[in-house]
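Enquirer: take a look and give me a structure for this.
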Amino acid sequence: MIEAKSNIKGSAMELFEELKKEKKKLIATKVILDKKDNHSYPIAEVPFEIPLNWVWCYLSDISLIQEGPGIRKHQYATSGVQFLTVTNILEGSVDLEKSKKYISKEQYKNYLHFTINKGDIVTACSGGSWGKSAIYEFEEKLILNTSTLRLRFYNDLGDNHYLYYLTKTSYFKDSLSKYITGQQPNYGYSHYSKIPIPLPPLSEQQRIVAILDEAFAAIAKVKANAEQNIKNTKELFENYLQGVFDKKGDGWEEKNLGEVLVKTETVDPTKKPNEEFIYLDVSSVNKETKEIENATVILGKDAPSRARKLVRTNDVIFATVRPTHSRVALITEEYDEQVCSTGYFVLRAKEFLNNNLVYYFLLTYSFNKQMEKLQKGASYPAVTDSEVKGIYISFPKSLKEQQTIVQKLDALSAETKKLEAIYNQKINDLEELKKSVLQKAFSGELKTNAVAV
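Expert: Now for the predicted structure:
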């Protein structure tokens, strides 16, 4: 943790006055520009109650707020000085490997004042990742760029980790979201500068940071355990599933899918222009839960050209285009005689094979490994229906045995999903706990040094 300057002691008001003086010095020496904020104090409408010995103040009066420059593509270099992108900023850390873009060392001379210092708070301020923030902990030279911004208490007079945790609060993000205009969120100095900030005395900032460090470390540990439990639960089911088809045994036979499937139908919804259809596109199946979500209702006249495959109850569909090929689902009665995209392969087994067993076969390691090998095309890798038909499936000849296997897999799948739901709820509860702890911290209600997880 960065140590805040120890010469500033006493009340929050004294600290606030010192921060304002430091800001004036930086403006006078032209380290920062005078943005003419002209903030009025005391703040008339405070967002929530804080202790009497705290102060409400605007962010730009206590912290550096610097936006990145707009480096153009023609300035990019293959080496030199790396610049920060929104892709590099994760929720709580900076990953310099996720996006590696550079300007030359010669060009860097024009951007020296955008250099990010170790301990700066960096945040994404545009696009879908806006609001993500982290403390830059590396020694590597890095500069800001478009859609990135940095914060830091003037002259480190406050505890920068206090400011960092503040950026994680719902209050801080809600304050920014008020300024959303249009479809693309885009924030800068003018928006951040208007956010009222609760400023406690330095000693209280340090106490809050110590509690939050401990609490968040404990929460992260419990969350990691829950995520590992989810992973383990899935692997147990997947290993058991693969074992079912690997063991085979007496009375089993092997055929390629082309031999066990019946021909399915294609339709043209536009020939029934005023009739409603439920349409399943390649994103309608959740690749984790294998359930149909976000299906759309369309009129025949509005049907896209890819809405051409008819599906019936108990059909199995799976997407044959990467990265969607892991989207597999059983068609329930709700979607009987509706349409799906030509990006799906529709499987309907002959009378000697249980279609639910085919569904489970598509979830196995072995099937998906074959799919990976069959993919062709660099920009849009796909597998053709005829290639899928060439893949072999093993199954017991007895329909009764097939049904027994399906029942066991159904029960195990249900138990797996139940456990996953419990662990996911635990993760959600932990996220809510973080929000609650943060709210208490910045309203002055964090009275103990321990937070129960």
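Enquirer: so what pLDDT did the one residue sitting closest to the centre of the chain get?
Expert: For the chain, the residue sitting closest to the mean C-alpha position, by CA atoms, centre = their mean, is Ser129 at 8.5 Å. For Ser129, the pLDDT comes out at 80.
Enquirer: in this structure it contacts Val86, no?
Expert: Yes - contact criterion CB atoms under 8 Å: Ser129 and Val86 qualify, at 4.9 Å. C-beta: built from backbone N, CA, C; applies to glycine.
Enquirer: so what sits against both of the two?
Expert: Here Ser129 and Val86 have no joint contacts, going by CB atoms under 8 Å, 6 or more residues apart in numbering.
Enquirer: pretty sure Val94 is touching Lys132, no?
Expert: No - using CB under 8 Å, Val94 is not in contact with Lys132; the gap is 10.1 Å.
Enquirer: identify the contacts common to these two.
Expert: With CB under 8 Å, 6+ apart, Val94 and Lys132 have no common neighbours.
Enquirer: please, which helix or strand holds Glu214?
Expert: Assigned by DSSP states H and E, Glu214 belongs to helix 202-247.
Enquirer: buried residues of the next helix or strand after that helix, list them for me.
Expert: Moving toward the C-terminus from helix 202-247, the next helix or strand (DSSP H and E) is strand 252-256. When burial is assessed from 16 or more other CB atoms under 10 Å, strand 252-256 yields no buried residues.
Enquirer: and the angle from strand 252-256 to helix 202-247?
Expert: Following axes from the mean of the first three to the mean of the last three CA atoms, to 10 degrees, one obtains 100 degrees for the angle between strand 252-256 and helix 202-247.
Enquirer: elements contacting strand 252-256?
Expert: In terms of contacts (3 or more CB pairs under 8 Å, 6 or more residues apart in numbering; DSSP states H and E), strand 252-256 is packed against strand 392-396.
Enquirer: just the buried positions in the strand it packs on, please.
Expert: For strand 392-396, by 16+ other CB under 10 Å, it's 393-396.
Enquirer: each with direction, which strands does it pair with?
Expert: strand 252-256 (antiparallel) (DSSP bridges).
Enquirer: quick one: average confidence on the strand it pairs with?
Expert: Rounded to a whole number, the mean pLDDT of strand 252-256 is 94.
Enquirer: can you name the element that comes right after it?
Expert: helix 257-260.
Enquirer: output the contacting helices and strands for that next one.
Expert: On a contact count with 3+ CB pairs under 8 Å, 6+ apart, helix 257-260 meets helix 385-389, strand 392-396.
Enquirer: which of these has the lowest mean pLDDT?
Expert: The minimum mean pLDDT among these belongs to helix 385-389 (a mean of 88).
Enquirer: chain center to that one: distance?
Expert: Per CA atoms, centre = their mean, to the nearest Å, the displacement of helix 385-389 from the mean C-alpha position of its chain is 34 Å.
Enquirer: may I have that helix as CSV, with CA atoms only?
Expert: Below are the C-alpha coordinates for helix 385-389, written out as CSV (Å, rounded to 0.1, in the frame of the first residue of the first chain):
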residue,chain,number,x,y,z
ASP,A,385,-23.8,-31.5,-41.5
SER,A,386,-22.3,-34.2,-43.6
GLU,A,387,-19.1,-34.2,-41.5
VAL,A,388,-21.1,-34.5,-38.3
LYS,A,389,-22.9,-37.5,-39.7
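Enquirer: I'd like the buried residues of strand 392-396 laid out as CSV, including distance to Phe153.
Expert: Formatted as CSV, the buried residues of strand 392-396 follow (distance: CB to CB, whole Å):
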residue, distance to Phe153
Ile393, 64
Ser394, 66
Phe395, 67
Pro396, 70
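Enquirer: for the residues you listed, which one is nearest Thr148?
Expert: Distance ranking of the buried residues of strand 392-396 against Thr148, using CB to CB, places Ile393 first at 50.7 Å.
Enquirer: please name the bridge partners of the closest one.
Expert: Lys255.
Enquirer: go ahead and confirm it touches Tyr360.
Expert: No - here Ile393 does not reach Tyr360: they are 10.4 Å apart, not a contact under CB under 8 Å.
Enquirer: does Glu227 really touch Ile427, like I thought?
Expert: Yes - using CB under 8 Å, Glu227 is in contact with Ile427, at 7.0 Å.
Enquirer: can you count the residues close to Glu291?
Expert: Glu291: 12 surrounding residues under other CB atoms under 10 Å.
Enquirer: for it, give me phi and psi.
Expert: The phi and psi values for Glu291, taken as degrees, to the nearest 10, are phi -110, psi 150.
Enquirer: check it and give its pLDDT.
Expert: For Glu291, pLDDT reads 92.
Enquirer: do the same with the one 5 residues further on
Expert: Per-residue pLDDT puts Thr296 at 93.
Enquirer: so it touches Glu276, yeah?
Expert: No - using CB under 8 Å, Thr296 makes no contact with Glu276, being 10.5 Å away.
Enquirer: what ranges does this structure have for its helices?
Expert: 12-28, 105-108, 160-167, 170-177, 189-192, 202-247, 257-260, 355-361, 365-374, 385-389, 399-442 (DSSP state H).
Enquirer: ranking those by burial, who's on top?
Expert: Mean neighbours per residue, mean count of other CB atoms under 10 Å, is largest over those for helix 160-167, with a mean of 23.
Enquirer: centre of the chain to stretch 146-155, how far?
Expert: So, by CA atoms, centre = their mean, the centroid of stretch 146-155 is 23 Å from its chain's centroid.
Enquirer: what about that stretch, how long is it end to end?
Expert: One end of stretch 146-155 to the other measures 25 Å (CA to CA, to the nearest Å).
Enquirer: just stretch 63-72 next, same as before
Expert: End-to-end distance of stretch 63-72 (CA to CA): 28 Å.
Enquirer: list the buried residues for it?
Expert: Neighbour counts over stretch 63-72 (16+ other CB under 10 Å) mark 63-69, 71 as buried.
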